[in-house]
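Enquirer: no sequence on this one, just coordinates:
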């Protein structure tokens, strides 16, 4: 059997020679851009709802909180399926399905106004402007809210179903193209696409919405995914079958196998597979899942609620908040350090990959504590919370790059997408709780003029959520360390 594998592998790569090629970074670039599009599509709603959707559909904070919370739970459930789907379909086809579905979902949002008009007035073929006029003739605000919220929830469901495939597929592709020692760096680079997407969103989406209508913001941003699919079809192949990857680079990619005196046989389908149910038998799965549950909601809160925070507390509209949001997300690009630091610990301190990642994650877990000061210092200038949230966001993305990489450290490659999906589901549940809770809390705090530690109304509500965000990472790290105190890779017999 091993002889046959050697012959097959030799046939696939016999024409490749020369110095180490660097095609793995082309793949990393594709993953970076898919993640950028992923986060751009998520951000359109958060950057348009206060200024464009509230006047048309009369939403409250609670309505928006429900939409974002259900997106999180849809995303969570879809992650559970998406990871297994990616492992079943394999990376190339699975990724195409994922981004195709979420791009359709992103564009669907644009037609929710037409759908609302059709449901309430029977006028379906009216166009975007005609839908606005038709909705204005409806006197029942509750019906407008109910119909529009229901349609946006459906669009978010389709978006979540597809977006759930991005990270399982990207982590799987990273494991296929990078050795363990380089995966945190590669992950931090493609994960920086989330930052770039969030960075590009406030300087593009509000201005598109203002110039051509909020509907076109969803359509134009959603169409970017279809463009990416064309590049993926022509550029992605397994490294052992890719003529652009020479022997030297292939040996570099598969060095973890050679280090164990084994052949890189995964592409030949000879490694035993781990069943979905068996994934839950390992502490490593539960450690990853809890780390995601405790911390994913923090990032999603920053992503979905920061534009509303600047509107509610500092009375900025979506174009006025563009510069602060740009600066905020620019700071999160510091997360590239998150990929470099574990490599430093491996090279200079002799740590194993898991130990180095956990040490780096502990360091990053302390930075979100600064969010305890966001609201108090915000009384002097809105730039204080903007800068603090930016630093906390960079810490999250650094944490995220490393927690994703722990899956590749400990699980066989044919289970990576599945376990990533399980963790994503847990993160989605945590995100549901914080988004739904935030919407209810902010509305309650505003109506009752609630007081908390010297703050009143919505300011008190934001201070409470900021406090939860501050300690989430240390709690997540402590539980992960308790479950998996030392490096324990899993071998499937």
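Expert: That came in fine, so what should we check first? Quantities reported herein were computed from a predicted structural model and do not represent experimental measurements.

Enquirer: show me what the helix or strand that contains residue 304 is packed against.
Expert: Assigned by DSSP states H and E, residue 304 falls within helix 283-314. The helices and strands touching helix 283-314, judged by 3 or more C-beta pairs under 8 Å, 6 or more residues apart in numbering; DSSP states H and E, are helix 23-48, helix 61-89, helix 322-331, helix 383-410, helix 416-448, helix 458-483. Every residue, glycine included, has its C-beta placed from N, CA and C.

Enquirer: Throw these into CSV and include mean neighbour count, thanks.
Expert: CSV is the format used below for those (neighbours: other C-beta atoms under 10 Å):
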stretch, mean neighbour count
helix 23-48, 23
helix 61-89, 23
helix 322-331, 20
helix 383-410, 25
helix 416-448, 23
helix 458-483, 20
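
Enquirer: which parts of the stretch 151-300 of the chain are strands?
Expert: For the stretch 151-300 of the chain, strands defined by DSSP state E, counting those that start in this stretch do not occur.

Enquirer: so where's it shaky on pLDDT?
Expert: Within the stretch 151-300 of the chain, the stretches with pLDDT under 70 are 257-273.

Enquirer: over to the stretch 351-493 of the chain?
Expert: 491-493.

Enquirer: tell me how far stretch 280-291 lies from the chain's centre.
Expert: Put simply, stretch 280-291 sits 19 Å off its chain's centre (C-alpha atoms, centre = their mean, to the nearest Å).

Enquirer: and the closest residue to residue 137 other than its chain neighbours, how many neighbours?
Expert: Using C-beta to C-beta, 6 or more residues apart in numbering and skipping residues adjacent in sequence, the residue nearest residue 137 is residue 121, 6.7 Å away. Here the number of neighbours of residue 121 (other C-beta atoms under 10 Å) works out to 15.

Enquirer: 762 is where my numbering starts, stick with that
Expert: Yes, from this point I'll number from 762; that puts the last item at residue 882.

Enquirer: ok, residue 882 touching residue 897?
Expert: No: with contacts counted by C-beta atoms under 8 Å, residue 882 stays clear of residue 897, the gap being 10.2 Å.

Enquirer: out of the helices and strands packed on helix 1044-1075, the one nearest residue 1012 is which?
Expert: In terms of C-beta to C-beta, the element of the helices and strands packed on helix 1044-1075 nearest to residue 1012 is helix 784-809, at 12.2 Å.

Enquirer: let me see the mean pLDDT of the helix or strand that that closest one is followed by.
Expert: Next in sequence after helix 784-809, counting helices and strands by DSSP H and E, comes helix 815-818. In this model, helix 815-818 has a mean pLDDT of 92.

Enquirer: what's the answer for stretch 888-904, then?
Expert: Mean pLDDT, stretch 888-904: 91.

Enquirer: mind listing what's buried in that stretch?
Expert: Burial within stretch 888-904, assessed by neighbour count using 16 or more other C-beta atoms under 10 Å, is assigned to 889, 892, 893, 895, 896.

Enquirer: mind checking how far that stretch is from the chain centre?
Expert: Offset of stretch 888-904 from its chain centre (C-alpha atoms, centre = their mean): 34 Å.

Enquirer: phi, psi of the nearest residue to residue 839 once chain neighbours are set aside?
Expert: Counting by C-beta to C-beta, 6+ apart, residue 839 lies nearest to residue 925, which is 3.5 Å off, once chain neighbours are set aside. Note on residue 925: backbone dihedrals following degrees, to the nearest 10 are phi -60, psi -20.

Enquirer: against residue 1054, how distant is residue 925?
Expert: Distance, residue 925 to residue 1054, by C-beta to C-beta, to the nearest Å: 16 Å.

Enquirer: looking at those two, which one has more neighbours?
Expert: residue 925 (29 against 23).

Enquirer: my guess is residue 791 meets residue 996, correct?
Expert: Yes: using C-beta under 8 Å, residue 791 is in contact with residue 996, at 6.3 Å.
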